[in-house]
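Q: coords please:
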Amino acid sequence: MDQTSRPNEADTTDWADKHYLLVDDFVGIRILLRESLRNLGARHIDQAASGGEAMKLLAKTRYDVVLCDYNLGEGKNGQQVLEETRVRNLTAPSSVWLMVSAEKSVESVMGAAEHQPDAYLIKPITEGVLLTRLNRVWHKKQVFREIDQACMEKDYLRAAKLCDAQIAQNKLHELELLRMKATLLLKSGEPEKARAIYEKVLAERDYSWARAGLGKIRMNNGEHEAARQIFQGVIVENRYYIDAYDQMAVAYQLMGQHEEACGVLEKAARLSPNSVPRQRNLGQAALKIGNVSMAEKAFRKCVAIGEFSVMKTVDAYLGLARVCGMKKDAKEALQWLLLAQREFPPEEIGLRAKITEGMVHHETGDYRRARKCGDELEAMLLEDPARPEKAICMELATLLFAVGVKDAPAGLLCYVVKNNHDNQVVQDEVQKIFDKAKMGDEGTSLILASRKEASDLMNKGVLLWKTDKLDDAVAWMRAARVKLPNNLRILFNSAQIIVSYLQQRGYHADLAAEAVEVLLYVDKIAPGQQRFAQLMEQLMQLTPDARAEDAPGAAADGALVPAVKVVAAPEKAVKTMRGRGG
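A: Predicted coordinates:
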């Protein structure tokens, strides 16, 4: 139905049976908002006087509408309540979130906007304004309801198709639907189709998001400088488009221009300083180029704004310990390490804390204690064959080389290369660590051998698949995943081979679940990969429910079984694949 023939939206919405949550630390404001809602017919209204109280209520009830103040006194602020609600999926895709505040500063508005409330209302709020915004947002949410649900299930191709269906009915929201469809096509591995949408939109009007989308496509294609120029142009036209700063910093990092990346992140952090991830990224970028004062400022800000945030990160505490070590202040450095060990669980911080402790001792000239940490870390590597994630492996190798250990760090770096055998940027970083350890030539040989070993491991599985030895191919790639659990090419090819097995041999629930587990792990360690959505869509099409018209009955041997519901990777399986610290 065309928007022009739609009946009056205020008359078609039943506000009586919906559930509302009012979050404000002033009781008088809550009373005013409650009365305004009651005048709309609302009956189910809960109230919270603090961020902590709001989180308890959100965990128990699925609210249709949340009106949340930005400033909530001690504890979580409104931005952090929204942030945690999004991370924990405590509201439905169709729920409405209105951020309410007397704050008009760019800093507070942009901080809240980064977590995407449905509207931002400035106090004082009249009943008329509330009803108008509520109606407008509610009806928009219904347009995107099924699309958002498909996105939550990571079924991006179905979500893109739903965008087309809604575009045909809702010309009023056509631009936003096109924007979402282009984003979904990028996630689904269809960059050229996404490019066509961005170019179509730009032909009519110059939208920052469309130009930024073209920049992301260029960056995914390896055209980093072209992408950087696009993001730079977006910023020139719209200095408040924060995502363009973040993307331009990534482009600089991919080109190895770390000082430039740091400068861009610093500008973004000045505009929107209340993002924990951005302050962490700035601190790490500054640390990488040796700008100790900038790193310290960013990490201290990160700790402060992260105190009540679900995004609170151990990186800020360990970063501050490193900063203090560089300033030769061993006492404060070790205090930050102790604080980190109190604030975060041992399985999250144990290995990293020991690495940081060794680095602090080395940087402050206590080489005996640094070597002791190195010996303890080497023993830990011998006890547990699992290896941490790439960045931790590289930090650990750097420390072990510095304290005089040779074989263990070389092995760690070879492991990193094997898991990134087609990533030249990572290999260049590994070569720099070898060079710093005065092992340049030996490092080059080890890198080449590691690349070949990983490539041979993958190619053997692909060859088995191409020669129709599907059972052997599945088993080979399963073993390859154990050896190289973070190699994206091996993970994707393993999932692809399982999909082929299911297509040719019939549906098996255990194999389908294994493929889903592999893909969700990929999406966890490297979100946004193009092959993810394509393979997930193929798996969904193979389920008995999806093929009911073609194969209504189950096979005699029980090969066809109920479909796998994709919600999240089993935690135990994820931990097994990730390894310690990964």
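
Q: count the neighbours of Cys324 for me.
A: Cys324 is flanked by 24 other residues according to other CB atoms under 10 Å. No exception for glycine: its C-beta is placed from N, CA and C like everyone else's.

Q: and the pLDDT for the closest residue to it other than its chain neighbours?
A: Leaving out its chain neighbours, the residue that sits closest to Cys324 by CB to CB, 6 or more residues apart in numbering is Ala333, at 3.6 Å. Turning to Ala333, the model gives it a pLDDT of 96.

Q: what does Pro552 give?
A: The model's pLDDT for Pro552 equals 40.

Q: re the thing from before, didn't the residue nearest to Cys324 look like it was pressed against Tyr317?
A: No. Using CB atoms under 8 Å, Ala333 is not in contact with Tyr317; the gap is 10.6 Å.

Q: distance of Ile305 from Asn77?
A: Distance from Ile305 to Asn77, counting by CB to CB, to the nearest Å: 9 Å.

Q: these two: which has the busier surroundings?
A: Asn77 (24 against 21).

Q: which residues touch the more buried one?
A: Contacts for Asn77 (CB atoms under 8 Å, 6 or more residues apart in numbering) come out as Gly51, Tyr70, Asn71, Phe308.

Q: helix, strand or coil for the third one?
A: The one in question is Asn71. coil (DSSP: H, G, I helix; E, B strand; the rest coil).

Q: got the phi/psi numbers for the closest residue to it other than its chain neighbours?
A: If the residues on either side of it in the chain are set aside, Asn71 comes closest to Asn77, at 6.2 Å by CB to CB, 6+ apart. Here is the backbone geometry of Asn77 (degrees, to the nearest 10): phi -90, psi 180.

Q: hang on, the earlier thing: the residue nearest to Cys324: what's it in contact with?
A: Ala333 sits next to Leu320, Ala321, Arg322, Val323, Cys324, Gly325, Val360, Thr364 when contact means CB under 8 Å, 6+ apart.

Q: can you put the contacts of Asn77 in JSON lines and add neighbour count?
A: Supplementary listing: the contacts of Asn77 in JSON lines, determined by neighbours: other CB atoms under 10 Å:
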{"residue": "Gly51", "neighbour count": "24"}
{"residue": "Tyr70", "neighbour count": "23"}
{"residue": "Asn71", "neighbour count": "15"}
{"residue": "Phe308", "neighbour count": "18"}
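
Q: as TSV, these with pLDDT and distance to Glu376 would be great.
A: What follows is the contacts of Asn77, written out as TSV (pLDDT from 0 to 100; distance: CB to CB, whole Å):
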residue	pLDDT	distance to Glu376
Gly51	95	40
Tyr70	90	46
Asn71	90	46
Phe308	93	34
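
Q: low-confidence ranges, the protein, go.
A: Within the chain, the stretches with pLDDT under 70 are 1-12, 103-115, 528, 530, 545-582.

Q: which residues of it fall in strands?
A: 19-23, 44-48, 65-69, 96-101, 119-122 (DSSP state E).

Q: measure Glu514 to Leu535 for me?
A: 13 Å.

Q: same check, this time on Leu542
A: 11 Å.

Q: ok, which stretches of the stretch 251-400 of the chain are helices?
A: All helices of the stretch 251-400 of the chain, identified by DSSP state H, counting those that start in this stretch, fall at 258-271, 276-288, 292-306, 314-326, 330-343, 346-363, 367-383, 390-402.

Q: out of the ones you listed, which is closest to Glu153?
A: Of all the helices of the stretch 251-400 of the chain, helix 276-288 sits nearest to Glu153, with 24.6 Å by CB to CB.

Q: and the contacts of that closest one?
A: With contact meaning CB under 8 Å, 6+ apart, helix 276-288 is reached by 246, 249, 253, 258, 261-262, 265-266, 268-269, 272-273, 292, 294-296, 298-299, 301-302, 305-306, 309, 311-313, 315-316, 319, 322-323.

Q: switch the cut-off to 7 Å
A: 258, 261-262, 265-266, 268-269, 294-295, 298-299, 301-302, 305-306, 309, 311-313, 315-316, 319, 322 (CB atoms under 7 Å, 6 or more residues apart in numbering).

Q: correct me, but Ala526 touches Asn486?
A: No. Ala526 lies out of contact with Asn486 (CB atoms under 7 Å); the separation is 8.6 Å.

Q: comparing the two, which residue is more hemmed in?
A: Asn486 (25 against 12).

Q: which residue is the nearest non-sequential neighbour of that one?
A: Asn419 (4.3 Å).

Q: then Leu254?
A: Per CB to CB, 6+ apart, closest to Leu254 is His224, 4.8 Å.

Q: just checking, the one you found touches Ala251?
A: Yes. Assessed by CB under 7 Å, His224 is found in contact with Ala251 at 4.9 Å.
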